[in-house]
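Participant: Sequence first, then the predicted structure, then my questions.
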Amino acid sequence: MTAKLTTLCSRVPLLNPSKKRLPILALLSAVMLVPTYAQAALPTAIQAALSRADLTESDISIIVTPIGDKNASRLPAPIQVIDSSDVDNQLMPTTPSNNTTTNISADKNSSCQKATQNNNNHAASNPDQQSALITIEKRTIEQHEQKINDYTDDPYTYQSVESIPTVVPDEQPTLTNNESSTVSTDKTSIKISFSPLLNHQPDVPRTPASTMKLVPSFIALDTLGANFVWYTRVYHTGIVIGDRLHGDLIIQGSGDPKMTHERLKELLYKVQASGIRHIDGDIIVDSAIFKNVSEDPAAFDNSPLRPYNASPDGFLVNFSTIGIKTYPSDNGQASLTYKPRLTNYQLPDKINTRAAYCGQASYSLSPQWQAERLALNASLPESCGEHVFYVAYPNAKEFAAHVIAAKWQALGNTLSGKVISQETPYDAKKTSKSVHGLTAITMSPLPMVSYPSLNLTQQIHDINHFSNNVMAEQVALSIGAYDKAGLTQSKAINNDTSESTNNTVVSHQNTHKKADSLYQFGTPASTDYSSALQTINQWWQTNLSTPPPYLTNGSGLCRDCTITAANLSELLTYAYNHPSFDAYVDSLGIAGVSGTIAAHSERLPDSAAIGRAWIKTGTLNNVTSMAGYVKGLSGQDYVVVGMINTDQALNPYTARPVLDAVLDWTAQR
């Protein structure tokens, strides 16, 4: 920081001691007139990385800004990654203190990487940080990543669907309601207090790719609260006699980003436990909370089967994705199982095998969703072994209907009608079938089941750690649905975890003067992309000073979205001082350790940023980006943003080492 100030002062002639000193007002005016981004040459290491990638300085925007109090960091404990490939080398010291040091190592004899030695040198001068270090063996990380990649062609979908824990031990706890209430939320106290250490083309709008996810994930934390949950509510018409419902079962979708097939099973089990096992009617799914949000899954990159292209929906089930698990045998065939199963849809249980490399599903299986069956148009490579492929179904509502019917039957229940998924609220008067007798009895006044989602903190972990596109879209749309009043009214109830608050019975104005059922009463406003993105834009203008980014969706899976490095830097700085910062930073990948930045240590083995940087990455063709936080070896925290856009045909992984160099340079400060 001192060096930065010296550099800045050297650009102002008035500060030359040989010159006559001017009044302080004139001095301050002169400093203010000097652009904070007056561009000096980029650091040598970054220039060299650009040259190796055949890129120019015009292709990249970078901001590195010191943030916070050096002696009161808000970042999690750094992670010490040790290299134990040479078991005869020196013993790696660990210092347990108050159970804050965790050593994950099968071998006590270990040698340290250069970055680890730097960490130790700094820790030795700071006992508090030494006791907080978390130690992980490099091979533990490598084995964790390898196991996942060997098992599936889509590791991030696999980890999201199956809730596979990362290699990092206990995450930092998020603030409780009581704790968060003691942290000042006065907007005037949240300021950018330092000039950037490195500031290169900060105001150039660029395509951000998945770093855009940082925007809706934080705005949701600010407007909805870290403990916000979505409630999926279940009602019925008619009457229940014994364990038989004479009427329809209505599932009211809430926009829950992570209604996995296992959680759907729990929801339906709760319906069964309430006394219904047989339905003489239909199951109606109301997904009206989101309107007209379905997209052509082939529109972005002509890869409609990839789960990252799945469309959001008011009742999204398992990311509209099925897992196909293969079990090769010795007879030239392999058995197939599916999660989840689909009712009234044919799924092949055998496939021929061949000698070939095990690639992605589109190459190894060539799946095709037909009207009544899934066709697999290629033999399975024998090298796949026991493997899981993830394939997205093209229609979210059809997929939900198939899975609901299958789960209901799997619980031993019956359904005389069918599952109907629709984007309009249930209205008995508008149903195609005639309603009479017991089934004509109006909807139950209270939900028979009110099923909570995982809280927002857990949801954004998947969004940012595994770069889950469709979950990011669900959260972005939910901001529009649940926080209509929140931008102009007090947020005192944001962290209230009661069902009434999270269903916005309290926080939203009810538009129904009279309602016979809660189904008609306390529901959030239906929203679409236009409305949700307008809400996000309004939040930005209310809370931040840079011009808002241009969004067309919430995930960054877009070519027309743009954001500046200054935008992301200001957002991350604002978040650093927020009561929900722990939830936000814990959602990011850790350089060289976990998430989409885990491979940082493979590209730059001696990087000082390993275990010291919490980063969201973004990758598209000709786009490579990253943004997040770095704890420098001096103990200073930094916000770091780097975005590369180029018109040349560039493999994005060619550009990634440039951003690795930015992280390493920052961590060395």
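Facilitator: Yep, that arrived.

Participant: Point out where the stretch 451-600 of the chain drops to low pLDDT.
Facilitator: Within the stretch 451-600 of the chain, the segments meeting pLDDT under 70 span 484-517, 520-524.

Participant: Can you show me the strands along it?
Facilitator: 589-590 (DSSP state E, counting those that start in this stretch).

Participant: Helices along that one, start to end?
Facilitator: Remark: helices assigned in the stretch 451-600 of the chain by DSSP state H, counting those that start in this stretch are 456-465, 469-482, 499-502, 529-543, 565-576, 581-586, 600-603.

Participant: what distance separates stretch 136-150 from the centre of its chain?
Facilitator: Offset of stretch 136-150 from its chain centre (C-alpha atoms, centre = their mean, to the nearest Å): 21 Å.

Participant: Can you list the buried residues in that stretch?
Facilitator: 136-141, 144-145, 148 (16 or more other C-beta atoms under 10 Å). C-beta coordinates here come from the backbone N, C-alpha and C atoms, glycine included.

Participant: Out of the helices of the stretch 451-600 of the chain, which one sits most buried?
Facilitator: Stretch with highest mean neighbour count among the helices of the stretch 451-600 of the chain: helix 469-482 (a mean of 28; mean count of other C-beta atoms under 10 Å).

Participant: Next, format the buried residues of stretch 136-150 as CSV and append secondary structure.
Facilitator: Below are those laid out as CSV (DSSP: H, G, I helix; E, B strand; the rest coil):
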residue, secondary structure
Ile136, strand
Glu137, strand
Lys138, helix
Arg139, helix
Thr140, helix
Ile141, helix
His144, helix
Glu145, helix
Ile148, helix
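
Participant: Go through the helices of the stretch 451-600 of the chain and name the closest to Ile67.
Facilitator: Minimum separation from Ile67 across these (C-beta to C-beta) falls at helix 565-576, 5.4 Å.

Participant: Please enumerate residues in contact with that closest one?
Facilitator: For helix 565-576, contacts defined as C-beta atoms under 8 Å, 6 or more residues apart in numbering pick out 61-63, 65, 67-68, 74, 190, 192, 196, 201-204, 206, 208, 211, 214-215, 218, 221, 543-549, 581, 584, 627-629, 637, 639, 641-643.

Participant: quick one: which of those sit in strands?
Facilitator: The strands, defined by DSSP state E, take in 61-63, 65, 67, 627-629, 637, 639, 641-643 from these.

Participant: Which one, of the helices of the stretch 451-600 of the chain, ends up nearest to Gln272?
Facilitator: Closest of the helices of the stretch 451-600 of the chain to Gln272 is helix 499-502, at 20.9 Å (criterion: C-beta to C-beta).

Participant: hmm, back to that, which among the ones in strands among the contacts of helix 565-576 gets closest to Ile563?
Facilitator: Nearest member of the ones in strands among the contacts of helix 565-576 to Ile563, counting by C-beta to C-beta, is Met643, at 8.0 Å.

Participant: Which elements pack onto the strand or helix carrying Asp150?
Facilitator: Using DSSP states H and E, Asp150 maps to helix 138-151. Under the contact definition 3 or more C-beta pairs under 8 Å, 6 or more residues apart in numbering; DSSP states H and E, helix 138-151 sits against strand 79-83, helix 155-162, strand 387-392.

Participant: excluding its backbone neighbours, what's nearest Ala45?
Facilitator: For Ala45, the nearest residue in space outside its immediate sequence neighbours is Ala661; the separation is 4.9 Å by C-beta to C-beta, 6 or more residues apart in numbering.

Participant: Check the burial of the one you found by counting its neighbours.
Facilitator: Counted with other C-beta atoms under 10 Å, the neighbours of Ala661 add up to 26.

Participant: how about it, phi and psi?
Facilitator: phi -60, psi -40 (degrees, to the nearest 10).

Participant: Buried only: go through the contacts of helix 565-576 for me.
Facilitator: For these, buried by 16+ other C-beta under 10 Å: 61-63, 65, 67-68, 74, 190, 192, 196, 201-202, 206, 208, 211, 214-215, 218, 221, 546, 548-549, 581, 584, 627-629, 637, 639, 641-643.

Participant: Okay, helices next: where are they in the stretch 201-350 of the chain?
Facilitator: So, for the stretch 201-350 of the chain - with DSSP H, counting those that start in this stretch - the helices run 214-224, 261-273.

Participant: So for Trp369, which of these sits nearest?
Facilitator: Nearest of the helices of the stretch 201-350 of the chain to Trp369, taken as C-beta to C-beta: helix 261-273 at 17.4 Å.

Participant: how close does the residue nearest the centre of the chain sit to Ser303?
Facilitator: Nearest residue to the geometric centre of the chain (C-alpha atoms, centre = their mean): Ile463, 1.1 Å. Ile463 sits 20 Å away from Ser303, going by C-beta to C-beta, to the nearest Å.

Participant: same check, this time on Leu518
Facilitator: Per C-beta to C-beta, Leu518 is found 41 Å from Ser303.

Participant: So the two - more neighbours on which side?
Facilitator: Taking neighbours as other C-beta under 10 Å, Leu518 and Ser303 compare with Leu518 leading, 20 against 14.

Participant: any idea which helix or strand carries the closest residue to the more buried one other than its chain neighbours?
Facilitator: Distances taken as C-beta to C-beta, 6+ apart place Leu446 nearest to Leu518, at 5.6 Å, with adjacent residues excluded. Assigned by DSSP H and E, Leu446 falls within no helix or strand.

Participant: How many residues are close by Leu446?
Facilitator: By the criterion of other C-beta under 10 Å, Leu446 has 11 neighbours.

Participant: For it, give me phi and psi.
Facilitator: phi -120, psi 150.

Participant: For the stretch 251-400 of the chain, just list every one of the strands.
Facilitator: Secondary structure of the stretch 251-400 of the chain by DSSP E, counting those that start in this stretch: the strands cover 278-279, 283-286, 321-328, 333-339, 350-354, 367-369, 374-376, 380-381, 387-392.

Participant: okay, the angle between the longest one and helix 155-162?
Facilitator: Think strand 321-328. Calculated by axes from the mean of the first three to the mean of the last three C-alpha atoms, to 10 degrees, strand 321-328 forms an angle of 100 degrees with helix 155-162.
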